[in-house]
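Visitor: sequence first, predicted coordinates after that:
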Amino acid sequence: MRKIILSLLLLLLVSCSLDLIGNKIIVPEDAFIIKKSYEDRSNDGRIKILVLSDVHADAKKDRITHYEESLEEMKEEMKDADAIVLLGDIVCSLSESSGRDALLSFFRTLREKNICNLPVFYVLGNHETDSLSWEKTESYLNEVAGDRENKSFYYAFKISNTAFYILNSAYRLFSSSQLDELEKAVSVNDAQYSVFLSHIPILSNAGDQSMGAMVVEDTEEKARILRILEKCGNSVYLSGHHHSGDDVIEISESVAHFIFPSNVEDNYPILTNSSGCWSVFTLDEKNSIFEIEVHRAEDNSIERKYSFSFP
């Protein structure tokens, strides 16, 4: 009898845990239906996005200085850019007051440096979710990161003829509800190109063993989102999170996956030391080409450049 009771209690605890996990990743209906569209500011079919990822602003005392330097260097690029994207993990921990202070400082500086008042799109990182409840995470982010364009963590927008999908992979999964909504949206959204933005990568290079624990965990979910990307065609998947390298991974002739660049020396990606960097993503709709330039924060020189042509 005691074993039966213990088994029932265990089952109840597991069920409750699953419910709690499920509650974190339930996605609003029509979350990815495009509700807001922007014209490319240059009006030439060339979309330019400035990208920061994995700042971890509270990790070291001097890190705030480095991201301030990078944001200062970005000001020139802002003049013909269309948006700023933050690919998650802006801080190490929202559960600590130091993390909330650092996030507040980052957004305050970003607001000061955003001379063209570009829309800021924010992707949730695993360090923002921390060990906090979903409600606490939302509350803190709304309190200290209020300058982002959309308060939801699941949404889509359009610039010119390109759709952008902000996905939540902070728990190393997407959930069936998120992928259901995404699949529904891409079937009705009218866009020539699609860019998917997520903190956690979906793929890794086969030879890179360090990536195994750094990608989306569920193999069925990975296979499903790859099918969605393939169905869209002319798609790019951009992510951060992995701290020891950068890769352009060609999934097929119509889909590319890019993990945003890292500073291997310090084992952190963007804005970590004197050679910190930030990136410019450009999509040329007329010529079916996208490029990524990795800029050094110190002197705004281009450290690396990647180019990919769609058929």
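Guide: Arrived safely, thanks for sending. Please read all numbers here as calculations on a predicted model, not as lab measurements.
Visitor: how about residues contacting the helix or strand harbouring Arg227?
Guide: For Arg227, the enclosing helix or strand under DSSP states H and E is helix 219-232. If you take Cβ atoms under 8 Å, 6 or more residues apart in numbering as the criterion, helix 219-232 is touched by 173-175, 179, 182-183, 186-187, 194, 196, 202-203, 215-216, 235, 237, 251-252, 254-255. C-beta coordinates here come from the backbone N, C-alpha and C atoms, glycine included.
Visitor: in helices only, show me those.
Guide: In helices, defined here by DSSP state H, the members of the contacts of helix 219-232 are Leu179, Leu182, Glu183, Val186, Ser187.
Visitor: need those residues in CSV with distance to Glu77, can you?
Guide: Conversion of the ones in helices among the contacts of helix 219-232 to CSV gives the following (distance: Cβ to Cβ, whole Å):
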residue, distance to Glu77
Leu179, 34
Leu182, 30
Glu183, 34
Val186, 30
Ser187, 35
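Visitor: relative to Val51, which of those is nearest.
Guide: Checking these against Val51 by Cβ to Cβ gives Leu182 as the nearest, at 21.0 Å.
Visitor: how close does that closest one sit to Asp82?
Guide: Distance check for Leu182 against Asp82: by Cβ to Cβ, to the nearest Å, it reads 22 Å.
Visitor: cool, Ser93 as well?
Guide: When Ser93 is compared with Asp82 (using Cβ to Cβ), they lie 32 Å apart.
Visitor: quick one, which of these two is more surrounded?
Guide: Asp82 (23 against 19; other Cβ atoms under 10 Å).
Visitor: give the closest residue to the residue nearest the centre of the chain in space, chain neighbours not counted.
Guide: Centroid-nearest residue in the chain, with Cα atoms, centre = their mean: Leu87, separated by 3.1 Å. The spatial neighbour of Leu87 that comes closest, neighbours along the chain excluded (Cβ to Cβ, 6 or more residues apart in numbering), is Ser53 at 3.6 Å.
Visitor: Ile115 is in contact with Glu77, isn't it?
Guide: No - with contacts defined as Cβ atoms under 8 Å, Ile115 does not count as touching Glu77, sitting 10.7 Å away.
Visitor: looking at the two, which is more packed in?
Guide: Taking Ile115 and Glu77 together and counting by other Cβ under 10 Å, Glu77 has the greater number of neighbours (17 against 11).
Visitor: contacts only, for the more buried one.
Guide: Going by Cβ under 8 Å, 6+ apart, the list of residues near Glu77 reads Lys48, Leu50, Val280, His295.
Visitor: change it to 7 Å
Guide: Leu50, Val280 (Cβ atoms under 7 Å, 6 or more residues apart in numbering).
Visitor: ditto for Lys48
Guide: Contact partners of Lys48, counting by Cβ under 7 Å, 6+ apart, are Asp80, Ala81, Asp82, Val280, Thr282.
Visitor: buried only: go through those residues for me.
Guide: Neighbour counting over the contacts of Lys48 (16 or more other Cβ atoms under 10 Å) leaves Ala81, Asp82, Val280, Thr282 as the buried ones.
Visitor: need those in a markdown table with pLDDT and secondary structure, can you?
Guide: Listed next are the buried ones among the contacts of Lys48 as a markdown table, based on pLDDT from 0 to 100; DSSP: H, G, I helix; E, B strand; the rest coil:
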| residue | pLDDT | secondary structure |
| --- | --- | --- |
| Ala81 | 95 | coil |
| Asp82 | 96 | coil |
| Val280 | 91 | strand |
| Thr282 | 95 | strand |
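Visitor: closest to Ser160 among the residues you listed?
Guide: Here the nearest of the buried ones among the contacts of Lys48 to Ser160, counting by Cβ to Cβ, is Asp82; it sits at 8.2 Å.
Visitor: quick check: the closest one touching Phe157?
Guide: No - because the distance of 10.6 Å does not satisfy Cβ atoms under 7 Å, Asp82 is recorded as not touching Phe157.
Visitor: what is in contact with those two at once?
Guide: Overlap of the contact sets of Asp82 and Phe157 (by Cβ under 7 Å, 6+ apart) consists of Tyr38.
Visitor: give the bridge partners for Val85, please.
Guide: Val51, Phe121 (DSSP bridges).
Visitor: how many neighbours does it have?
Guide: When neighbours are defined as other Cβ under 10 Å, Val85 has 25 of them.
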